[in-house]
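In: only geometry, no sequence info:
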């Protein structure tokens, strides 16, 4: 690493790559912390910045809600998370704007209630990036995990500048598990510019010459 940092060309390429990765396309209330609800409760109030969804949930320290027999995970980020239910009737949506065309990585975590019976070991849902009626990208996932942990997910979409809607929809049956969502983020996928590629090439050439 010390040798790499001594080479201006390689160092410049590293700086450019880090700067590109630092930029982010933000979503509002991406961890569903607003509105704040009491510990050990859930509400059908829609999370701020979003529309739809079934519940915002904040389990107590034991993973429970008053009057609910199931055990629930603690939030992956913060204290709260969203529940999009187990039917397509309660999709969760947020509109956002892309200022600069490029590839964007959508990342989030999914889960279900804990210790579910075998008949409930499924929680399929879709994530779609929509430009009006057109689908910019879509993916299908299953929120139930045998290890009982939050699962990191991602979807990469190549988007032109403009307005979009992010939509999460359960594809489950009413008797199966609810899909839980937390920790959303949207980040540009860095694309190597000609200058960056040239700098990397010069750095590699310098390394090769020194080895010879």
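Out: Done, it's in. The shown structure was predicted, so the numbers you read here are calculated from the model rather than taken from an experiment. Numbering: from 1, shown residues only.
In: From what I see, residue 158 and residue 98 are in contact.
Out: No - contact between residue 158 and residue 98 fails when scored by CB atoms under 8 Å: they sit 10.4 Å apart. Backbone N, C-alpha and C define where each C-beta goes, glycine included.
In: And these two? Which one has more around it.
Out: A count of neighbours by other CB atoms under 10 Å puts residue 98 above the other of residue 158 and residue 98, at 20 against 12.
In: So in terms of bridging, what pairs with the nearest residue to the more buried one once chain neighbours are set aside?
Out: The shortest distance from residue 98 to any non-neighbouring residue, by CB to CB, 6 or more residues apart in numbering, is to residue 159 (4.9 Å). As for beta bridges, residue 159 partners with residue 102 under DSSP bridges.
In: measure residue 159 to residue 76 for me?
Out: 25 Å (CB to CB, to the nearest Å).
In: What of residue 35?
Out: 19 Å.
In: ok, now residue 99?
Out: In terms of CB to CB, residue 99 sits 28 Å off from residue 76.
In: Tell me the secondary structure of residue 119, please.
Out: Following DSSP: H, G, I helix; E, B strand; the rest coil, we place residue 119 in the helix state.
In: List the contacts of it.
Out: Residue 119 is in contact with 175-176, counting by CB atoms under 8 Å, 6 or more residues apart in numbering.
In: before we move on, back to that, intersection of neighbour lists for residue 158 and residue 98?
Out: If you check residue 158 and residue 98 against CB under 8 Å, 6+ apart, the residues they both contact are residue 104.
In: Does residue 84 touch residue 169 like I think?
Out: Yes - assessed by CB under 8 Å, residue 84 is found in contact with residue 169 at 7.1 Å.
In: shared neighbours of those two, anything?
Out: Once CB under 8 Å, 6+ apart is applied, the residues that residue 84 and residue 169 both contact turn out to be 91-92, 125.
In: Ranking by neighbours, what's the top pick from those?
Out: residue 92 leads the shared contacts of residue 84 and residue 169 on contacts (other CB under 10 Å) with 26 neighbours.
In: my guess is that residue meets residue 49, correct?
Out: No - counting by CB under 8 Å, residue 49 is not a contact partner of residue 92; they are 10.9 Å apart.
In: on that earlier part again, ok, how many other residues are close to the residue nearest to residue 98?
Out: Residue 159: 19 neighbours (other CB under 10 Å).
In: wait, doesn't it sit right on residue 100?
Out: No - under the criterion of CB under 8 Å, residue 159 is not in contact with residue 100, lying 9.3 Å apart.
In: returning to that earlier point: inside strands: which ones of the shared contacts of residue 84 and residue 169?
Out: Residues of the shared contacts of residue 84 and residue 169 located in strands (DSSP state E): 92, 125.
In: Residue 84 and residue 169: which has the busier surroundings?
Out: A side-by-side neighbour count of residue 84 and residue 169, using other CB under 10 Å, places residue 84 first with 26 against 23.
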